[in-house]
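J.: Quick one: sequence and predicted model below, then my questions.
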Amino acid sequence: MKKIKNYLTLVFDEMINKVTWPKWSELQNSTIVVMVASLIIALLIYLMDTAFSGLMRGVYSIFY
(Lines give C-alpha, C1' and ligand atoms only; values in the text may rest on other atoms or scores of the structure.)
Protein backbone atom coordinates (compact mmCIF):
# COMPACT_ATOMS: atom_id res chain seq x y z
CA MET A 1 0.00 0.00 0.00
CA LYS A 2 2.91 2.31 0.74
CA LYS A 3 4.25 1.85 -2.83
CA ILE A 4 0.89 2.83 -4.31
CA LYS A 5 0.69 5.94 -2.11
CA ASN A 6 4.25 6.90 -3.08
CA TYR A 7 3.46 6.35 -6.76
CA LEU A 8 0.33 8.52 -6.61
CA THR A 9 2.23 11.23 -4.73
CA LEU A 10 4.91 11.27 -7.42
CA VAL A 11 2.33 11.34 -10.21
CA PHE A 12 0.49 14.23 -8.57
CA ASP A 13 3.75 16.15 -8.07
CA GLU A 14 4.73 15.65 -11.70
CA MET A 15 1.32 16.70 -13.02
CA ILE A 16 1.35 19.90 -10.95
CA ASN A 17 5.00 20.97 -11.09
CA LYS A 18 6.58 19.44 -14.19
CA VAL A 19 3.88 19.28 -16.87
CA THR A 20 3.48 22.32 -19.09
CA TRP A 21 -0.23 22.77 -19.70
CA PRO A 22 -1.29 24.66 -22.86
CA LYS A 23 -3.04 28.00 -22.61
CA TRP A 24 -6.69 28.34 -23.64
CA SER A 25 -5.82 30.16 -26.87
CA GLU A 26 -3.36 27.41 -27.83
CA LEU A 27 -6.08 24.81 -27.25
CA GLN A 28 -8.49 26.75 -29.45
CA ASN A 29 -5.93 27.06 -32.24
CA SER A 30 -5.08 23.36 -32.05
CA THR A 31 -8.77 22.45 -32.13
CA ILE A 32 -9.31 24.54 -35.25
CA VAL A 33 -6.31 22.92 -36.96
CA VAL A 34 -7.62 19.43 -36.12
CA MET A 35 -11.13 20.30 -37.35
CA VAL A 36 -9.87 21.73 -40.66
CA ALA A 37 -7.54 18.77 -41.21
CA SER A 38 -10.38 16.34 -40.44
CA LEU A 39 -12.67 18.08 -42.93
CA ILE A 40 -10.00 18.04 -45.65
CA ILE A 41 -9.27 14.35 -45.08
CA ALA A 42 -13.01 13.52 -45.07
CA LEU A 43 -13.43 15.43 -48.35
CA LEU A 44 -10.51 13.57 -49.94
CA ILE A 45 -11.92 10.21 -48.84
CA TYR A 46 -15.34 11.17 -50.20
CA LEU A 47 -13.85 12.16 -53.56
CA MET A 48 -11.78 8.99 -53.78
CA ASP A 49 -14.83 6.88 -52.88
CA THR A 50 -16.98 8.62 -55.47
CA ALA A 51 -14.32 8.19 -58.17
CA PHE A 52 -13.79 4.53 -57.30
CA SER A 53 -17.55 3.89 -57.30
CA GLY A 54 -17.86 5.41 -60.77
CA LEU A 55 -14.91 3.38 -61.99
CA MET A 56 -16.37 0.15 -60.60
CA ARG A 57 -19.79 0.94 -62.11
CA GLY A 58 -18.06 1.26 -65.47
CA VAL A 59 -16.21 -2.01 -65.03
CA TYR A 60 -19.36 -3.83 -63.92
CA SER A 61 -21.32 -2.45 -66.86
CA ILE A 62 -18.83 -4.05 -69.22
CA PHE A 63 -19.32 -7.51 -67.75
CA TYR A 64 -23.03 -7.42 -66.82
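T.: Yep, that arrived.

J.: what pLDDT, on average, does the longest helix seen in the chain get?
T.: Scanning the chain for the longest helix, with DSSP state H as the assignment, gives helix 24-63. For helix 24-63, mean pLDDT is 96.

J.: Which secondary structure elements does it sit against?
T.: Contacts defined by 3 or more Cβ pairs under 8 Å, 6 or more residues apart in numbering; DSSP states H and E place helix 24-63 against no helix or strand at all. All C-beta atoms are positioned from the backbone trio N, CA, C, and that covers glycine.

J.: shift numbering so it begins at 474
T.: Sounds good: first residue 474 from here, last item helix 497-536.

J.: how distant is that helix from the center of its chain?
T.: 14 Å (Cα atoms, centre = their mean, to the nearest Å).

J.: Based on its surroundings, how many neighbours for residue 484?
T.: Neighbourhood size, residue 484 [other Cβ atoms under 10 Å]: 10.

J.: hmm, I was thinking of residue 527
T.: Residue 527: 10 neighbours (other Cβ under 10 Å).

J.: now do residue 494
T.: For residue 494, using other Cβ under 10 Å, the count is 8.
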